[in-house]
Each structure stands twice: as structure tokens, then as C-alpha cells.
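Visitor: Provide a 3D model corresponding to the input given below.
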Amino acid sequence: MPGVDRRTVIKGAAAAAAAAQFSWALSRTAAAADADDTELHWLEGATPDAHAGTTWGVPWARGTYRPEQNFRLTTAAGNDVPVQSWVTGHWPDGSVKWTAHAIAPGAPKASAYKLAAGSPAAPEQKVTVTRSGGRVEVSTGVITAVFGAKGSDTVVRSVRRGSAEIARDGKLVALRQESVREGADVESFAGRVEKVEVEQDGPVRAVVRVEGRHRKSGRGWLPYTLRFSFFAGAGSFRLVHTFVWDGEHKPGSDQGDFLRGLGVRFTVPLRDQPYDRHIRFADSGGGLFSEAVQGITGLRRDPGAAVRNAQIAGEKLPDTATWDTRVSSRLAYVPTWGDYTLTQPNADGYTVRKRTKAGYGWIHAAAGRRAGGFGYVGGASGGLSFGLRDFWQRHPAQLDVRGAHTDAAEATVWLYSPEAPPLDLRFYHDGLGQDTYEKQSDGGLEITYEDYEPGFGTPYGIARTSELTFWAVEKTPSAGVLAAQAAATATPPLLTATPQRLHAAGVFGDWAPVDRSDKARTVVEDRLDELFAYYVGQREQHRWYGFLDYGDVQHTYDNDRHVWRYDIGGFAWDNSELGTDLWLWYHFLRTGSAEVFRFAEAMTRHTGEVDVYHLGKWAGLGTRHGVQHWADSAKQVRISTAANRRFYYFLTGDERTGDLLSELVDVELTFLEVDPQRKVRADGYTPGDRHALSVGFGTDWGGISAAWLTEWERQGPNAATARAKLVNSVRTIAAQPNGFFTGTGLLDADTGKFAITTSTAVSVSHLNAVFGLVETNSELVSLFGDEEPEFRAAWLNYARYYNGTDAQKRQLTGSTWKSALPAAHSRITAYAAHHQDDATLAKRAWNEFYTGSDTYFPSNDWNPVTVRTPAVLRTTEEIPWISTNSSAQWALAAIQNLALIGDRIPS
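Guide: Residues are numbered from 1 along each chain as shown. Now for the predicted structure:
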């Protein structure tokens with residue numbers, strides 16, 4: 001339509017819809033504001049027997065509370081619970097959007113709690129922090145921890161319970177092997193402290209952040225960040241451990257930096273007789289390996305039932321004067337077992353072995369399938385419980401106790417087992433002759449779907465975060481207490497609100513709680529549940545576990561081999577492709593399922609760390625799907641996007657995830673380092689001018705805008721700049737001749753403005769809206785309300801016409817395009833239908849959802865096919881047509897269509 005301003009074609013419809021849309025948002029706000037009290041429950045349902053302190057998040061409707069508001073927590077019976085609260089998110093009007101809260105392990109136990117405005121109860125024993133001369137000391141009222149100063153190789157100098165020292169010399173250890181060859185030299189690096197910072201100082205929760213590097217002989221290696229959390233009245237503390245890989249490898253060489261072990265180690269003083277000292281390890285099924293350092297059961301002579309029973313219970317034994325003298329006079333001949341090791345080399349087996357002391361032989365002690373990642377060493381006068389979350393899932397992992405027969409044992413939690421082969425992060429092939437863009441595109445990308453480029457398949461800058469828990473106890477705990485500690489380590493208890501309460505606050509855009517009020521809805525809801533359950537089963541069936549792999553899923557299935565294409569280029573690990581993280585988090589929001597939450601949590605811990613760079617020139621970018629999580633040459637913000645991390649941060653208050661979000665605040669500057677379109681460009685553009693960066697309006701700007709939005713709502717140090725850039729960018733996208741259909745523009749990284757083109761050409765990709773753009777734009781339109789009507793109109797145009805007819809496309813833009821992934825994009829058709837109150841458009845959206853070429857309806861056979869041995873390694877259940885790209889996008893379409901036009905679903 002030459003001579004027509006295409007931005008105004010549906011201007012009237014958009015304007016008419018604006019009031020309806022804003023009214024809809026306000027109705028959600030009003031619903032939440034009517035109920036200031038928030039009911040909270042334990043995520044797993046049952047009241048936990050133990051926890052080491054818990055932190056969770058709660059959303060609030062716009063305008064409900066100001067940032068200075070205090071909160072009171074009570075049990076359902078009305079008993080006060082000491083709570084610490086802080087604001088983590090803000091609405092545009094400055095009111096509170098998200099708060100985080102913490103309670104201590106000693107808080108009154110209840111199956112449900114109520115959070116409301118009011119003065120919080122004070123804990124009987126406050127957690128306090130003392131800073132003096134560069135030293136930081138934290139006291140919970142039960143234990144006191146003293147941290148090492150800058151320059152020290154000791155992170156925690158001591159942990160005392162009352163006057164008794166329970167642990168000391170808390171250190172980090174990293175083992176480096178210079179070659180993957182067997183017998184190569186191994187050297188030990190110690191974690192050097194470079195910075196100690198107090199992030200919270202009570203009264204319920206205190207957080208100490210320690211940063212540094214592992215060092216040996218002047219070389220720094222593996223930067224780390226530790227966060228220690230202490231809670232009022234607690235005898236425990238939690239540790240979130242992050243390291244960043246900065247090792248080097250020579251392509252095609254066996255030489256380089258190879259991680260042989262990574263651990264956290266404490267020395268545990270032992271004051272009791274060897275027969276009063278105990279070792280415990282937990283199995284994931286709830287059982288305990290329980291032994292004394294010097295056992296007095298099973299001997300040829302019996303010391304007496306009271307003595308035997310006390311040792312089995314872990315209690316202090318009666319005075320030896322009460323024993324049968326044939327035992328008490330011969331204790332010197334009963335071996336003491338000083339060293340114990342539990343190692344989990346894979347997901348299917350662990351072993352426990354022990355020896356009397358160094359230099360003497362090991363003997364087999366026990367074995368099992370999956371360990372709980374929890375241990376204990378100590379005695380009647382005190383001891384240390386220690387544990388690592390996701391222990392077997394992140395194999396190879398290991399627990400060591402050394403020197404338990406001496407006056408001080410060493411307990412080491414190995415995040416990466418030193419008995420495993422060295423961690424080999426070298427790129428997996430030699431390039432296969434792909435030394436030009438043409439060969440990379442027409443060769444590898446065409447045949448294996450891998451986008452290779454020399455030098456790009458590096459792990460330099462990836463990270464991994466682990467969670468550990470420690471209890472400093474006054475005596476060896478009972479089996480029941482230890483089992484409860486092990487359970488709390490494996491699955492840290494978490495409080496949460498119901499899906500209805502989360503939805504009423506109006507957060508995270510377009511979703512709604514599960515609704516099975518009619519048959520058509522029920523069919524879709526059932527399919528959503530079945531789809532998630534299928535991936536849970538596939539993770540176990542195909543063992544999607546491992547130190548770096550756990551949390552991710554795989555991309556595409558191989559129907560001939562009956563395995564996922566783990567070894568075929570871009571068909572292997574998923575790396576967040578097409579919104580897998582978003583699918584899982586929205587599925588949790590609407591179901592409240594603990595199983596869904598834990599699956600999504602593991603994915604966030606993986607995709608935000610391993611699939612993203614945190615050091616180097618690509619810091620802030622993620623890597624496209626591939627055989628290795630860092631292998632593909634596509635380094636893009638669509639993978640690192642804050643849209644995938646915001647859920648976990650706001651629902652838990654997790655500070656490490658907050659770090660990941662902060663890393664992305666100026667992610668647009670990465671476009672100076674690498675051009676996502678470099679292999680397909682024909683316009684001569686090369687990056688270099690920060691005031692004219694080529695940025696696409698879809699996958700690129702979707703990730704950039706999510707980062708700016710998150711910084712703005714968190715009110716971080718760059719919030720004002722982030723908001724200004726966000727406003728400038730939405731205005732200049734809307735001002736393009738064809739809005740979002742223009743496709744790309746030149747972004748000024750300092751202002752967030754796009755240059756306005758005079759061209760009416762369109763550039764439309766099916767990928768534009770499948771990496772979080774839909775979800776982010778929905779939130780932006782709602783947040784801006786009537787302030788940015790042109791942006792709302794531009795987005796409604798894209799939503800209405802992406803799947804439109806060729807005639808409609810030409811009328812709007814003068815061009816046409818292929819509407820790939822029509823079922824996935826049915827959700828933006830639904831968005832337009834909802835906000836423009838268009839029943840005909842809603843009907844079209846449901847038709848796209850049910851009949852689009854990428855749909856999972858209606859003819860697909862959801863019944864798994866069983867493939868039996870010996871055709872496969874293990875009997876396999878498969879649904880051959882399922883692929884993760886389609887799963888994520890179909891599920892997001894289902895979720896958003898039900899929320900937006902569920903009342904118009906065809907029967």
C-alpha cells in the first residue's frame with residue numbers, strides 16, 4: 001500500500017483495545033489487593049523434619065505495598081514466626097512487586113503459614129555479624145563462624161558451638177592435571193581469599209560472600225564465589241559454591257588444564273575415644289551407613305549389651321570399667337578405621353571403602369545405587385554433618401573422611417571426584433575442514449545441524465554452581481536426625497504460594513492456574529501433564545546426568561537408534577532452545593507441582609551457568625544447542641536471556657541467580673565482539689561502532705530488553721539507565737515503517753535508540769518470537785500501560801498478522817512471508833484476540849493451535865512405544881515424534897491460549 005503509513009492500519013482497533021487490556025491488568029491487580037494475607041505452604045507438601053533455613057519469594061499486586069512495608073509471618077494457628085524480609089522487585093509506580101523472606105530452622109513448625117503486613121516477631125537468638133580489622137565473624141546464637149581474611153588460603157578459620165570448636169580450616173581445593181594421559185602429574189591449588197563481603201546481617205539471616213581464585217606458585221586458576229548463609233538460632237549453615245572455568249587447552253593436544261578434583265574441606269577436631277567416634281553416609285533412599293571408628297560389636301568377646309547398643313545408637317559408651325574385661329583389656333588390638341571414602345562415579349552405583357590409615361590397604365565396606373551425598377564425622381563431644389545437593393545427579397562426586405583415628409579428621413566434599421578421569425573439556429572434533437563460512441553453513445550446518453567455527457567451541461568462561469549444607473552438632477545425632485538432615489540437603493525445603501495467589505499478583509505475563517472445567521480444557525491440561533512426565537522419564541531412561549550436564553534435556557530424537565541424538569551436532573543438548581526453560585517455569589506457576597519446580601530449578605542452575613559465558617569477550621552470551629554445551633559457534637543473548645532466569649530469582653530470592661541477571665545489564669555491548677548474523681550477511685556490516693550495532697528485533701532485542709526490564713524492576717544500580725534504554729528502544733521499534741516486521745535496526749548502546757529506517761522492507765523469522773520475546777513484550781505492554789501506545793500497537797500488529805493471510809500481510813506491510821511454526825505462534829494470535837476482544841481472531845488462534853504443521857494435536861499418538869532388548873541397551877519407552885523445540889513451543893502456546901482465550905476454546 002504505497003503512500004500509507006502501515007503503522008496506522010489497525011490504529012483504531014489497537015486504541016480501542018487499549019482500555020480493555022489495561023482494565024484486564026487492573027482487574028488482576030484488584031483481585032490480589034483485596035487479599036493482603038498470603039497463604040504459604042511447603043513446596044513438597046509435608047512439613048519437613050529439618051531444614052537449614054529457607055528463603056522464598058512472594059509477588060504483590062501493583063500498588064499494594066510500598067518498599068518500607070514490614071511483614072509479619074504466623075502459623076495457621078496464629079503463632080508468630082520470626083521472619084526477615086526484603087524487596088527484590090518493584091512495579092513502575094515504585095510499589096512492591098516481589099519480596100523475599102527467610103525463616104530459621106528453629107521457627108515454629110507448621111504445614112502452612114500466613115504472611116501479611118505487620119511488625120515481624122524478633123527471634124529469641126538473633127544472627128549477628130561482627131567486622132573487625134578485616135575479620136568477619138557470624139554468630140547465630142548457637143554457632144560462631146570466623147572467616148579468613150583477604151590473602152588467606154583459609155576461607156573459614158573456625159566454627160564453634162558454644163566453647164567447643166567443631167570445625168576449622170575450611171578450605172577450597174582444586175586438583176589440576178597437566179595432561180589427560182594416565183599417570184600425568186597432579187598439582188593441588190588452594191582457594192585464596194580476595195574479598196569478604198557481608199550481604200545481609202540479620203536478624204534472621206546473614207549472608208557472607210567470599211570471592212577469590214585457586215592459587216599455586218603464583219598462578220591463579222578457577223575464580224570462585226562463595227555465599228555462606230547463617231540463620232538465627234541455627235547450628236547449621238548453607239554454602240552456595242560457584243566456580244568459573246578459565247582453563248586452557250591446545251586443540252588436538254593432550255596437554256592443558258584438566259580438572260582432576262574440586263572440593264570443600266574442613267578439619268574436624270576429635271576429643272573422644274575412638275570407640276565414641278562415628279562415621280555416617282546417607283543413601284538417597286533414606287538409609288544410613290553407620291560405623292564407629294573403633295567398633296566393639298561383632299567381637300569374639302562381648303563387652304555387654306548396654307555397650308553395644310550405645311555404640312549402634314551413636315551415644316557415648318558406658319565407662320570401660322563396666323565392660324567385660326576380656327574386651328576392655330584388649331582394645332589396643334581392635335583396629336581403628338581412620339579413612340573412609342564414598343565415591344559415586346556414575347548415576348547407577350556408589351561404593352564405600354575404608355582403611356585403618358594411610359599406607360595400608362583399603363577394604364570394601366558397602367555399595368549402593370545412588371548416594372544421598374551426605375556424611376558425618378564426630379563423636380560424643382561434637383561433630384560435623386556435611387552434604388552436597390544433587391550428588392549422584394552430578395556425578396562423579398565423592399565424600400572423604402581422613403584421619404578419624406587421630407585428634408583431627410579431615411572431611412572433604414568433592415564436587416568433582418578426584419578418582420574420576422580428569423574433566424575433559426576439549427572440543428570434540430578437528431573442524432572437519434570447515435575453514436570458511438560457506439563450508440560451515442553448507443557443510444556442517446546442513447548435515448549435522450552444527451554451526452561450527454574455529455576457535456568458538458571453547459569452555460573458557462562457563463561456570464557451575466553447587467549447594468552444600470553443614471551442621472555443627474554437639475554430639476553424634478540419632479539416625480532419625482541424620483536422615484532428616486540428609487533429606488534437607490538433597491531437597492532444601494521451600495515455602496511457596498498457591499498458583500491462584502501467584503496469578504492474582506499479575507506477574508510473568510499470560511498464564512492462568514490449571515482449569516479442567518470442561519472437556520476441551522481437560523484434554524489440553526492432560527496433554528501438558530503427560531508431556532512433562534515424558535521428559536521426566538526420558539531424563540532417567542537416557543541418564544541425562546553428570547557434573548556439567550545435569551539440568552539440561554536433549555533436542556531431537558533418533559528414531560532408528562532409539563536414543564536422543566546426543567552425538568549429532570545441533571541435535572544434542574538443548575541449551576534453552578525455543579524456550580524450554582520458559583515452558584517449565586510457566587508449567588510450575590500454573591500447577592504448583594514440586595516435581596515441576598525441581599526440574600525447572602535444575603535446568604536454571606545448568607542453563608544459566610554452563611551454557612553461558614561469565615568471563616572473556618563473550619561474557620553475557622550463551623551457546624546454541626550442541627554436542628557439548630559450549631561447542632556451537634552461535635554465541636547469542638537468546639540463550640543467556642534474563643527471561644529464563646527471572647522466575648527462579650523472584651520465587652526464591654537466590655543471590656547467585658541475581659548475579660547472573662546483573663551480568664546481563666549491558667549485554668548489548670557483546671554485539672561489538674560478535675555479530676550473530678556474520679555468516680549470512682550481504683550488507684557489508686561489521687561491528688565496531690557502539691552507536692550503530694546491528695540488532696534484530698526478535699531473538700536479539702528480546703534478550704536485551706529482558707535484561708533491561710529485570711534491572712529496572714530489581715532497582716539495581718543501573719535501573720534508571722536500563723529503563724531509559726528500554727523506553728527508547730520500544731519507541732524507536734514502534735516508529736519503524738513496519739514496526740516489528742522491519743526486523744532489525746542499528747542500536748545505540750548508550751541510549752537504547754534504534755535508528756529509524758526509511759525502507760519499508762520486512763524481515764520476518766519464525767525464531768523472532770520463540771526465545772522469550774512474546775513473554776517479555778506481554779509484560780512490557782502491561783507495565784507501560786497507556787504510556788507507550790505506539791509500542792502496544794506495533795506489538796498487536798505483529799501478533800495479529802504474523803499468522804495472517806498473504807493479503808492481510810501485504811495490506812499491512814506491502815510484503816509477505818512464510819508463517820513458520822503456526823501452532824507456536826497461535827499464542828500471539830490469541831494475544832491479539834484477547835486484547836482486541838475479537839472472537840473471530842480467537843477462533844483462528846485455536847485453529848492454528850490444533851491444525852498447524854507444528855502442533856501436537858489432534859492426530860498424534862501419545863501412547864509410548866516400547867522397544868525391548870537386545871535391540872536397545874535397555875528396554876526403552878519412546879514417543880518418536882516428540883522433539884524438544886516443538887514440546888516447548890506447543891506447551892507455551894497451550895498455556896497462553898488457555899489463559900487468554902480459554903473461554904473460547906472449541907468444544
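Visitor: quick one: buried residues of stretch 197-210?
Guide: In terms of neighbour count (16 or more other C-beta atoms under 10 Å), stretch 197-210 has its buried residues at 198, 200-210. C-beta: built from backbone N, CA, C; applies to glycine.
Visitor: hang on, I meant stretch 707-727
Guide: Under 16+ other C-beta under 10 Å, the buried positions of stretch 707-727 are 707-716, 718-719, 721-723, 725-727.
Visitor: So the nearest residue to A164 once chain neighbours are set aside versus F650, what's the distance?
Guide: For A164, ignoring the flanking residues on the chain, the nearest one in space by C-beta to C-beta, 6 or more residues apart in numbering is G382 at 5.1 Å. According to C-beta to C-beta, to the nearest Å, G382 stands 39 Å off from F650.
Visitor: what about the helices in the stretch 551-700 of the chain?
Guide: Counting by DSSP state H, counting those that start in this stretch, one finds helices in the stretch 551-700 of the chain at the ranges 580-591, 594-607, 637-640, 646-652, 655-662, 699-714.
Visitor: L747 contacts L693, correct?
Guide: Yes. Counting by C-beta atoms under 8 Å, L747 does reach L693; the two are 4.7 Å apart.
Visitor: Give me the more crowded residue out of the two.
Guide: L747 (29 against 23; other C-beta atoms under 10 Å).
Visitor: any low-confidence regions in this protein?
Guide: 1-36 (pLDDT under 70).
Visitor: coming back round to it: can you redo the helices of the stretch 551-700 of the chain as CSV with distance to I447?
Guide: Converted to CSV, those look like this (distance: least, C-beta to C-beta, whole Å):
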stretch, distance to I447
helix 580-591, 24
helix 594-607, 26
helix 637-640, 23
helix 646-652, 36
helix 655-662, 34
helix 699-714, 24
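Visitor: For the buried residues of stretch 197-210, work out which two are farthest apart.
Guide: Largest separation among those by C-beta to C-beta: P203 and V210, giving 22.0 Å.
Visitor: if we can go back for a sec, show me the common contact partners of L747 and L693, please.
Guide: 668, 671 (C-beta atoms under 8 Å, 6 or more residues apart in numbering).
Visitor: quick one: which of the buried residues of stretch 197-210 is nearest to K126?
Guide: Closest to K126, out of all of the buried residues of stretch 197-210 and judged by C-beta to C-beta, is P203, at 4.2 Å.
Visitor: give me every residue that touches that closest one.
Guide: 82, 84, 122-123, 126-127, 232.
Visitor: Kindly recompute the last result at 7 Å.
Guide: 84, 122-123, 126-127, 232 (C-beta atoms under 7 Å, 6 or more residues apart in numbering).
Visitor: Reformat these as CSV; add neighbour count and secondary structure.
Guide: Compiled in CSV, those are given as follows (neighbours: other C-beta atoms under 10 Å; DSSP: H, G, I helix; E, B strand; the rest coil):
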residue, neighbour count, secondary structure
Q84, 23, strand
A122, 12, coil
P123, 23, coil
K126, 18, coil
V127, 28, coil
A232, 29, coil
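Visitor: now, the most widely separated pair of those residues?
Guide: A122 and V127 (11.6 Å).
Visitor: Identify those among the buried residues of stretch 197-210 that sit within strands.
Guide: 198, 200-201, 205-210 (DSSP state E).
Visitor: rewinding a little: of the contacts of P203, closest to P48?
Guide: A232 (17.6 Å).
Visitor: my hunch is that D400 is in a strand, does that hold up?
Guide: Yes. Under DSSP: H, G, I helix; E, B strand; the rest coil, D400 falls within a strand.
Visitor: Pull the number of nearby residues for S236.
Guide: Considering only other C-beta under 10 Å, S236 is surrounded by 25 other residues.
Visitor: my guess is it meets A50, correct?
Guide: No. Contact status for S236 versus A50: not in contact, 8.7 Å apart, counting by C-beta atoms under 7 Å.
Visitor: Now the common contact residues for the two.
Guide: Between them, S236 and A50 share the contacting residues P105, judged by C-beta under 7 Å, 6+ apart.
Visitor: any idea where the helices of the stretch 251-400 of the chain begin and end?
Guide: Using DSSP H, counting those that start in this stretch, helices in the stretch 251-400 of the chain cover 305-313, 325-328.
Visitor: Turn these into JSON lines, including distance to F258.
Guide: Listed next are the helices of the stretch 251-400 of the chain as JSON lines, based on distance: least, C-beta to C-beta, whole Å:
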{"stretch": "helix 305-313", "distance to F258": "43"}
{"stretch": "helix 325-328", "distance to F258": "50"}
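Visitor: Including mean neighbour count, could these go into TSV?
Guide: Output for the helices of the stretch 251-400 of the chain, formatted as TSV (neighbours: other C-beta atoms under 10 Å):
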stretch	mean neighbour count
helix 305-313	16
helix 325-328	14
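Visitor: Show me the one of those that comes nearest S782.
Guide: helix 305-313 (59.3 Å).
Visitor: on that earlier part again, I'd like to know which of the ones in strands among the buried residues of stretch 197-210 is nearest to R521.
Guide: Among those, and counting by C-beta to C-beta, the member closest to R521 is R205, at 41.5 Å.
Visitor: what's the closest non-adjacent residue to the closest one?
Guide: Nearest non-adjacent residue to R205 (C-beta to C-beta, 6+ apart): A102, at 4.0 Å.
Visitor: The helix or strand where that neighbour lies pairs with which strands?
Guide: In the assignment (DSSP states H and E), A102 maps to strand 96-103. Strands that pair with strand 96-103, judged by DSSP bridges, come out as strand 54-59 (antiparallel), strand 84-90 (antiparallel).
Visitor: Now do the strands in the stretch 751-900 of the chain.
Guide: 865-867, 876-878 (DSSP state E, counting those that start in this stretch).
Visitor: And for the stretch 1-150 of the chain?
Guide: Per DSSP E, counting those that start in this stretch, the stretch 1-150 of the chain carries strands over the ranges 38-42, 54-59, 71-75, 80-81, 84-90, 96-103, 112-117, 128-132, 135-139, 143-147.
Visitor: residues in contact with the residue lying closest to R426 once chain neighbours are set aside?
Guide: Nearest non-adjacent residue to R426, counting by C-beta to C-beta, 6+ apart: H249, 4.8 Å away. Taking C-beta under 7 Å, 6+ apart as the contact definition, H249 lies against 256-257, 425-426.
Visitor: Does H249 have any beta-bridge partners, and if so which?
Guide: G256.
Visitor: Roughly how far does it sit from G256?
Guide: Distance from H249 to G256, by C-beta to C-beta: 4 Å.
Visitor: ditto for V377
Guide: Counting by C-beta to C-beta - V377 and G256 are separated by 36 Å.
Visitor: more crowded one of these two?
Guide: For V377 and G256, the more surrounded residue by other C-beta under 10 Å is V377, and the numbers stand at 28 against 19.
Visitor: residues touching the more buried one, list them.
Guide: Contacts of V377 (C-beta under 7 Å, 6+ apart): 268, 279, 383-384, 401, 404, 409, 411.
Visitor: Distance to A479 and neighbour count for these - can I get that in a markdown table?
Guide: Shown next, in a markdown table, are the contacts of V377 (distance: C-beta to C-beta, whole Å; neighbours: other C-beta atoms under 10 Å):
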| residue | distance to A479 | neighbour count |
| --- | --- | --- |
| V268 | 20 | 27 |
| I279 | 13 | 28 |
| G383 | 14 | 30 |
| L384 | 17 | 22 |
| V401 | 18 | 26 |
| A404 | 19 | 29 |
| A409 | 20 | 28 |
| A411 | 19 | 28 |
